[in-house]
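whatever this is, show me its structure:
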Amino acid sequence: MVKYGAVPILVLLAAGHYGSLAESENGEFQNPWDNLTDLLGRIPLRMATPQPNFQLIGSRYFHIEQNIKQNWTTAASTCRQLGGYLAAMKDEEEAKAIIARLTPFKYYYMGINDHEKRRSFVSLASGKPAFLKWSKGEPDYVYHDQNCVSILNFNPDDEGLMVAPCSNKYTFICQKDTEI
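This is a model prediction of the structure:
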């Protein structure tokens, strides 16, 4: 509300100055609101960054980014800017509810990694061990930088987490809390 406080003051000042019809240099009467419109048009707009649509999924709030693809570190930073963290799921029920909302055949980064110790996966938000429902054959370390976790909705019989290179660009899922 404070950022809009300048507009009413400007309106009052302009109304006091331009409050009556004034005669212009060529003898015509000028509408005082014409000048106010010009003045208001010169005020720079402060566009607030729209908050993402965090949706209640199960008992927690998540934002599933469907369009923007980023590497894991940038996705983690983006989630922080949006007021959340890269997401970690708390149990199988929550995992199924989230997976049901994912676009098929699209990778999503999760807020789970094993940067500190290989095969010791923790939540980025809480630092606690994360709930892990791996896809068949995972974790499968093919590349040296596979310390980040992603999820891919591609087969209802094999929905789960996978280790992924942190440098890949994927969409991502944010959580609003630090519970997990």
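
okay, now the domains of the chain?
As given by automatic domain parsing, the domain ranges for the chain are 2-41, 55-175.

what's the separation between the residue nearest to the spatial centre of the chain and residue 76?
Centroid check for the chain by Cα atoms, centre = their mean gives residue 82 as the closest residue, at 4.2 Å. Between residue 82 and residue 76 the computed distance is 11 Å (Cβ to Cβ, to the nearest Å). (C-beta placed from N, C-alpha, C; glycine too.)

quick one: the strands in the chain?
Assigned by DSSP state E, the strands in the chain fall at 22-23, 29-30, 55-57, 60-70, 85-86, 107-113, 122-123, 148-152, 160-164, 170-175.

so can I have a markdown table of the domains of the chain showing mean pLDDT?
Below are the domains of the chain laid out as a markdown table (pLDDT from 0 to 100):
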| stretch | mean pLDDT |
| --- | --- |
| domain 2-41 | 45 |
| domain 55-175 | 94 |
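
of those, which stretch is the most buried?
domain 55-175 (a mean of 18; mean count of other Cβ atoms under 10 Å).

measure that one end to end?
Domain 55-175 has an end-to-end distance of 9 Å (criterion: Cα to Cα, to the nearest Å).

how about stretch 156-168?
Per Cα to Cα, the first residue of stretch 156-168 is 24 Å away from its last.

next one: stretch 114-126
Length of stretch 114-126, first residue to last, Cα to Cα: 14 Å.

ok, stretch 146-166 next?
For stretch 146-166, the end-to-end distance is 6 Å (Cα to Cα).
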